[in-house]
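Peer 1: only geometry, no sequence info:
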């Protein structure tokens, strides 16, 4: 860390022997320098210099590589996750709860792949809960078009982002509800390379990213 307009002082060359005048001068120079560091004047600036490449903040990426289905249109379901491949200060508990150790404001991004295996357009609601309570105004409703022929479901991908203020130890959950049980969250396995297609990585049904924005 550096302070603008403050530079290390040029110290006098030390004498070969003891000289009281030298030590008085040295004490005066150091006293002036440290009094500037302690001041609260407008010329003091507490900014970091450099790229900040080694600074770290809380973050997480939660992934579900599992198909998730709904048995009822009158119930809400909590998204389950298989893994937390990248995380710092955020943990996955009970397969659904993303627990955040550090208080602050976080950006939460939810990416979904929805499947509709019916002939009519249906809707899916996706929202966030914090400590088991729905977060106000966090819902997103998606209309998923009808399938393209029997056994050929329509697939719709979506992404939404929200900012959430959390206290230390709070947990977040992603919740979903459908207008028809033919709607589901669809995962697609990785595809090996062949003569007709390149190798394609797996397509998760849900990916949730959480990133620290600010302490307040």
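Peer 2: All right, it came through fine. What you are looking at is a predicted structure, and each value in this text was computed from that prediction instead of being measured.

Peer 1: Tell me where the chain has helices.
Peer 2: Counting by DSSP state H, the chain has helices at residues 20-38.

Peer 1: Pop the domain breakdown of it in here.
Peer 2: 2-47, 59-187+201-214 (automatic domain parsing).

Peer 1: These into TSV, with extra columns for mean pLDDT?
Peer 2: Formatted as TSV, the domains of the chain follow (pLDDT from 0 to 100):
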stretch	mean pLDDT
domain 2-47	67
domain 59-187+201-214	95
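
Peer 1: how about these in CSV, adding mean neighbour count?
Peer 2: Backbone N, C-alpha and C define where each C-beta goes, glycine included. Written out in CSV, the entries for the domains of the chain read as follows (neighbours: other CB atoms under 10 Å):
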stretch, mean neighbour count
domain 2-47, 10
domain 59-187+201-214, 17
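
Peer 1: would a markdown table of those domains with distance to residue 194 be doable?
Peer 2: Output for these, formatted as a markdown table (distance: least, CB to CB, whole Å):
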| stretch | distance to residue 194 |
| --- | --- |
| domain 2-47 | 54 |
| domain 59-187+201-214 | 15 |
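
Peer 1: Out of these, flag the one nearest residue 195.
Peer 2: domain 59-187+201-214 (19.1 Å; CB to CB).

Peer 1: to the chain's geometric centre, what's the distance from the closest one?
Peer 2: Relative to its chain's centre, domain 59-187+201-214 lies at 14 Å (CA atoms, centre = their mean, to the nearest Å).

Peer 1: about what we covered before: for residue 53, find the nearest of the domains of the chain.
Peer 2: domain 59-187+201-214 (15.2 Å).

Peer 1: Between the two ends of that closest one, how far is it?
Peer 2: Length of domain 59-187+201-214, first residue to last, CA to CA, to the nearest Å: 12 Å.

Peer 1: Could you measure from residue 22 over to residue 29?
Peer 2: Distance, residue 22 to residue 29, using CB to CB, to the nearest Å: 11 Å.

Peer 1: for residue 201, what are its contacts?
Peer 2: Residues in contact with residue 201, defined by CB atoms under 8 Å, 6 or more residues apart in numbering, are residue 190.

Peer 1: please redo it, this time with the cut-off set to 10 Å
Peer 2: Each residue near residue 201 by CB atoms under 10 Å, 6 or more residues apart in numbering is listed here: 188-191.
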